[in-house]
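Visitor: can you look at this prediction? I've put the sequence above it.
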Amino acid sequence: MTGKCQVLLVDDDENDRLLFGSALKDTRLDVELFEMPDGCAAINYLLSAEPAEFSLPDVVFLDLKMPAMDGFEVLRRFVRVRNSRG
């Protein structure tokens with residue numbers, strides 16, 4: 001891996017996102033953090049990565065208990081779509 005490590009954080013709780021971002025910054029690692037407030041936004045981001053001019057994140061931190069679409073459903077949908085694309 002070259003350049004910054006790209007990290008995607010998916011969490012519906014803004015305070016948790018702020019805490020995570022602060023803790024990540026304190027590590028002084030060369031990281032670029034992308035934040036999504038819910039599962040639907042995360043799916044849209046992940047599925048648009050390859051056709052767009054950006055790559056999939058290197059690491060995804062996913063809240064498993066979110067309203068509307070929980071983290072497990074995000075994983076199921078992402079894997080299903082990725083597998084159907086070949």
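Guide: Here it is on my side, so go on.

Visitor: show me the shaky parts of the chain.
Guide: 1-2, 50-52, 86 (pLDDT under 70).

Visitor: what about the helices in it?
Guide: 14-26, 39-48, 71-85 (DSSP state H).

Visitor: give me the residues contacting the last one.
Guide: The set of residues that contact helix 71-85 without belonging to it, under C-beta atoms under 8 Å, 6 or more residues apart in numbering, is 10, 39, 42-43, 46-47, 62-65, 69. C-beta: built from backbone N, CA, C; applies to glycine.

Visitor: now, of the residues you listed, which are buried?
Guide: For the contacts of helix 71-85, a neighbour count by 16 or more other C-beta atoms under 10 Å gives the buried set as 10, 39, 42-43, 46-47, 62-63, 69.

Visitor: follow-up on the earlier one: between the helices of the chain, which gets nearest to Cys5?
Guide: Smallest distance to Cys5 across the helices of the chain (C-beta to C-beta): 10.0 Å, for helix 14-26.
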